[in-house]
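> task: produce atomic coordinates for the following.
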Amino acid sequence: MIETSVEYASADRAFGGVIVLDGSVPGPRPGILVFHGGASPGTHERERSRRLAALGYAAFVPDLFGERFESREHGMSVIQGEDLNVRSPAIDRRANASGKGREWVR
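I've put the predicted structure just below:
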């Protein structure tokens with residue numbers, strides 16, 4: 001598996017993520033966004049992306065919050081302060097920006 005850290009931008013703010021590919025599959029392949037819940041991408045999301053890559057997909061795990069939460073309280077303050085919830089326009093913009101212009105997706 002090849003895991004590559006990438007950056008993307010949304011509303012003039014930088015975010016990061018990880019692309020996971022099976023190096024034995026040449027060229028572009030179908031892409032899947034693997035979204036995290038809670039604080040930020042973790043072990044669960046990385047494992048899921050590896051499984052998807054093994055099936056021939058390009059799996060991208062974007063960090064939709066853009067920072068690691070030091071505590072539950074810190075995370076809640078960011079999520080509530082930026083009004084980030086399931087129906088949040090900010091989350092929609094970040095999700096859309098995370099997948100644009102990716103040459104590894106067909």
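> mean confidence score for stretch 9-27?
For stretch 9-27, mean pLDDT is 84.
> and it, what's buried?
10, 15-22, 25 (16 or more other C-beta atoms under 10 Å). Backbone N, C-alpha and C define where each C-beta goes, glycine included.
> what about it, start to end distance?
End-to-end distance for stretch 9-27: 25 Å, by C-alpha to C-alpha, to the nearest Å.
> now stretch 49-66
Its start and end residues considered, stretch 49-66 measures 19 Å (C-alpha to C-alpha).
> buried set for that stretch?
Result for stretch 49-66 [16+ other C-beta under 10 Å]: buried residues 49, 52-53, 57-65.
> among the residues you listed, which are located in strands?
Judged by DSSP state E, strands contain the following of the buried residues of stretch 49-66: 58-62.
> thought residue 33 was touching residue 58?
No: taking C-beta atoms under 8 Å as the definition, residue 33 is not a contact partner of residue 58, at 9.9 Å.
> and the helices in the chain, which stretches?
With DSSP state H, the ranges of helices along the chain come out as 43-54, 72-81, 89-99.
> could you give the angle of the longest one to strand 58-62?
Right, the one you point to is helix 43-54. 160 degrees (axes from the mean of the first three to the mean of the last three C-alpha atoms, to 10 degrees).
> quick one on the thing from earlier: now the two most distant members of the ones in strands among the buried residues of stretch 49-66.
Between any two of these, the greatest separation by C-beta to C-beta is 12.8 Å, found for 58 and 62.
> if we can go back for a sec, between the buried residues of stretch 9-27, which is nearest residue 45?
Once C-beta to C-beta is applied, the member of these that ends up nearest residue 45 is residue 18, at 8.5 Å.
> is that closest one bridged to anything, and to what?
residue 5, residue 61 (DSSP bridges).
> any idea how far residue 65 is from it?
As judged by C-beta to C-beta, to the nearest Å, residue 18 and residue 65 stand 15 Å apart.
> how about residue 23?
Applying C-beta to C-beta, the value for residue 23 to residue 65 is 29 Å.
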